[in-house]
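>>> Next come a sequence and a model predicted from it.
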Amino acid sequence: MPIIVSLQSDIPAYEQIKVQIKAQILSGELSADEPLISMRQLARDLRVSVITTTRAYGDLEAEGLIYTVQGRGCFVKGNADMVREQYLRSVDEALRVVADKGKAAGLSLTHLQKRLEDTFHEQRD
Amino acid sequence: MSNAIEVKNLCKHYPGFALKNVSFHVPNGLCCGFVGPNGAGKTTTLKAMLGMTLRDGGEISLLGKPDDEVTVKEELGVMFDQPYFQEDWTPLDVEKGIKPFYRDWDDGEYRRYLSRFGLDPKKKFKTFSRGMKMKLGLAVHLSHNAKLLLLDEPTGGLDPVARDEVLDILREYMVSDNRTILFSTHITSDLERIADLIAYISNGEISFFGEKDELTSSYCVVRGGTLPEDKRKHAIGLREHSSGYECLMALEHIGGLPSDTVTERATIDDVVVYMERRSKGA
Amino acid sequence: MLNMIKLDWIGMKVYHKRFVIIPLMVCFYGIFNVPVIIPIVAFCMLNFSVNPFAVEEKGKLDNLYLTLPVTRKAIVNARFGLSLLMQCIGLAAGTVITIILSNVLYGRTVFHYTHTFKADFAVIFLLICGSLLLYAVMNLSIFPILFKIGYAKGKMFGFIIPVFAVSIMTGVLFTMWYSHNGFREWLLSVIEWSLAHTVWTALILLGASALLLAVSYMLSRKVYAKREF
């Protein structure tokens, strides 16, 4: 389960970690009730501050994606599917808006697809 | 016990130098980098924590106990520059001499560390390279279950490979809960990837104490052609030259700079250098 | 305290080899003059117990101690403890050697010197008390200074000069014994008096030793408590 952090990036380290773990949970790479690597071990492996990993895990817990068991660590919450559903729903909603606006502007499907591709790649960097 | 180290208003006077109301605290389980230029008071502060130097004022508590409580040192691992072992001692002598003082000494652990670090138990201390000396010191403190490490320039004088090895040992140490490190250094790049907190001391006073990420993410190094007048007061450590200027600036003041200005995330080094320049210039 | 004494001993590892000087000196002087064996052993043992200070030049032992869970008081206690321990061992060994040699060499002539010394209880006892006084005097002139400023800075006044002074005085004593009849007679009468009043002499000598050692200890504790590293 690789997590890669770049210190040169404008995105704070904790954000990068959070986003990657979230992606792994939502894609099913991490299954329900699977234990996550400890915050301190992750800090050591990535060579970042323990405060960073603690914040990332804290945010994930706040978003309902993981839960903590005192003395045992953090685990993936079983409702990943549910959270994924929520995300898919909001993606569908956004796509509906994109489709409507595109049609109103007279853009073809191919054109819209190209713009989606560009936006997708741009945000990745 | 939530703070492994608490220093309140530590004062110490020497002719020509003084520690003035040095205060900071390190919560349990974090690694704090103690940075500052040479002669700023890092070593003096550490010595005051150990009672090697007698303070003129202030309070110090380590692992929840006042610092004159000698039993604190059971769980403390201290290293200045190099371990204070006799030239002629072998790692076995070190064990023989020091082991009786530590309740939690583990022979097996010590031997394992010696072998892992490649330290011949029968060779004299004076034959060890600097890096090996540091590793021996760490082997000792890792073998008596030290909960707090106080290190003064642990990577000083080490080549990059040895530095990385020492830092990695420290990182491994931090993986367990309840382990804290205070690590003074003027090699700030070492702190980039191990420190959680930074205490910045200059001329006997603490100018900054907080999370390392906060320190570096609050500032940018700004380079440009001409510095706008209204930005001048926000420029830290400004250096103007024939081809332009450079300075440190807090993130919140960056808006409104000309488009040809280059801004980069500040490293701890940058913050230290520009801040020092400012205090010297002012 | 035993751990600390052991650590002091291990700490002076580099000087362990020098211990061999002691028996050499004893033999060298003892062959000529059996009574001086006990004082010489006392003198040598004191010198040897200065080593935990001397190794400061090979590694900062005191600094190491202050990183360990020990009090400054314990450090002073152990140094005195080690010194006294070595002194007792030395006196015991010196006594045994004196008894043996005085019996073996009695009446014999070695290197033109005829041994006339008979070791009886009173003489040996007074030799021990006298040596203890010598030890106490030297301890007082060495330990507090070395505790206060360390060996590197205190070497001259805190070690070399006291040892030198004692050596010179001993030399003067012997010279006057052999050359000055008046002095020899006076000293002989003092020795006779003390042998006749063993108990009193012992009390005076031991009392003075105890007093000097107590002063040395208290001074050492005081100055070491304030020392900065």
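It's in. Treat the numbers as computed from the prediction; the structure is a model and nothing was measured.
>>> rest of the way, CA atoms for contacts and neighbours
Will do.
>>> if I look at C:N63, how far off is chain B?
7 Å (Cα to the nearest Cα, to the nearest Å).
>>> Settle this for me: that residue is touching C:F229, isn't it.
Yes - at 7.1 Å, C:N63 counts as touching C:F229 under the criterion of Cα atoms under 8 Å.
>>> Quick check: neighbours shared by the two?
Common contacts of C:N63 and C:F229 (Cα atoms under 8 Å, 6 or more residues apart in numbering or on different chains): B:M52.
>>> all helices of chain C, in order?
Here chain C has its helices, by DSSP state H, at C:2-11, C:21-30, C:37-48, C:51-54, C:61-67, C:72-105, C:121-155, C:161-179, C:181-196, C:198-225.
>>> Format those helices as JSON lines; extra columns: mean pLDDT.
Output for the helices of chain C, formatted as JSON lines (pLDDT from 0 to 100):
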{"stretch": "helix C:2-11", "mean pLDDT": "91"}
{"stretch": "helix C:21-30", "mean pLDDT": "83"}
{"stretch": "helix C:37-48", "mean pLDDT": "91"}
{"stretch": "helix C:51-54", "mean pLDDT": "92"}
{"stretch": "helix C:61-67", "mean pLDDT": "90"}
{"stretch": "helix C:72-105", "mean pLDDT": "91"}
{"stretch": "helix C:121-155", "mean pLDDT": "92"}
{"stretch": "helix C:161-179", "mean pLDDT": "88"}
{"stretch": "helix C:181-196", "mean pLDDT": "86"}
{"stretch": "helix C:198-225", "mean pLDDT": "94"}
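>>> Quick one: the ones you listed as a markdown table, columns for distance to chain A and mean neighbour count too.
Below are the helices of chain C laid out as a markdown table (distance: least, Cα to the nearest Cα, whole Å; neighbours: other Cα atoms under 10 Å in any protein chain shown):
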| stretch | distance to chain A | mean neighbour count |
| --- | --- | --- |
| helix C:2-11 | 37 | 21 |
| helix C:21-30 | 56 | 16 |
| helix C:37-48 | 50 | 23 |
| helix C:51-54 | 42 | 22 |
| helix C:61-67 | 28 | 19 |
| helix C:72-105 | 37 | 19 |
| helix C:121-155 | 43 | 21 |
| helix C:161-179 | 58 | 13 |
| helix C:181-196 | 77 | 13 |
| helix C:198-225 | 40 | 18 |
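>>> Would you mind naming what in chain C lies close to chain B?
Residues of chain C found near chain B (Cα under 8 Å from any Cα of the partner chain) are C:3, C:6-7, C:10-11, C:13-14, C:55, C:58-61, C:63-64, C:66-71, C:226-229.
>>> and B:A146, that's in a strand?
No - under DSSP: H, G, I helix; E, B strand; the rest coil, B:A146 sits outside any strand and is assigned coil.
>>> and it, how far is that from A:I51?
The spacing between B:A146 and A:I51, counted by Cα to Cα, to the nearest Å, is 22 Å.
>>> How about B:V94?
On the measure of Cα to Cα, B:V94 and A:I51 end up 36 Å apart.
>>> Tell me how chain A divides into domains.
Following automatic domain parsing, one finds the domains of chain A at A:13-78, A:81-124.
>>> pLDDT weak spots in chain A?
Within chain A, the stretches with pLDDT under 70 are A:79-81, A:123-125.
>>> Go again with 80.
Within chain A, the ranges that satisfy pLDDT under 80 run A:1, A:7-11, A:28, A:78-86, A:123-125.
>>> Same check on the stretch 151-282 of chain B?
If you take pLDDT under 80 as the line, the stretch 151-282 of chain B has these spans: B:193, B:216-217, B:279-282.
>>> What are the boundaries of the strands in it?
B:180-185, B:197-202, B:205-211, B:219-224, B:236-241, B:244-250, B:262-265 (DSSP state E, counting those that start in this stretch).
>>> so which of these gets nearest B:K122?
strand B:180-185 (29.7 Å; Cα to Cα).
>>> Surely A:I66 is in contact with A:F75?
Yes - A:I66 is in contact with A:F75 according to Cα under 8 Å; the separation is 5.5 Å.
>>> the more surrounded of the two?
A:I66 (25 against 21; other Cα atoms under 10 Å in any protein chain shown).
>>> Get me the contact residues on the stretch 151-282 of chain B for chain A.
Near chain A, when you scan the stretch 151-282 of chain B using Cα under 8 Å from any Cα, you find B:R171, B:E172, B:M174, B:V175, B:S176, B:D177, B:E192, B:R193, B:I194, B:A195, B:D196, B:R265.
>>> okay, those in CSV with distance to chain C and neighbour count next?
Putting those into CSV (distance: Cα to the nearest Cα, whole Å; neighbours: other Cα atoms under 10 Å in any protein chain shown) gives the following:
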residue, distance to chain C, neighbour count
B:R171, 22, 23
B:E172, 23, 14
B:M174, 21, 23
B:V175, 24, 19
B:S176, 23, 14
B:D177, 23, 12
B:E192, 28, 20
B:R193, 28, 18
B:I194, 24, 26
B:A195, 24, 26
B:D196, 25, 25
B:R265, 39, 19
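>>> Go through the residues you listed and flag which are in helices.
B:R171, B:E172, B:M174, B:V175, B:E192.
>>> so which of the domains of chain A is the most packed in?
Among the domains of chain A, ranked by average contacts under mean count of other Cα atoms under 10 Å in any protein chain shown, first place goes to domain A:13-78 (a mean of 18).
>>> Look at the residue nearest to C:G107 when sequence neighbours are not counted and say how many residues are nearby.
Computed as Cα to Cα, 6 or more residues apart in numbering or on different chains, the closest residue to C:G107 that is not its neighbour in sequence is C:H115, at 5.3 Å. For C:H115, the neighbour count with other Cα under 10 Å is 20.
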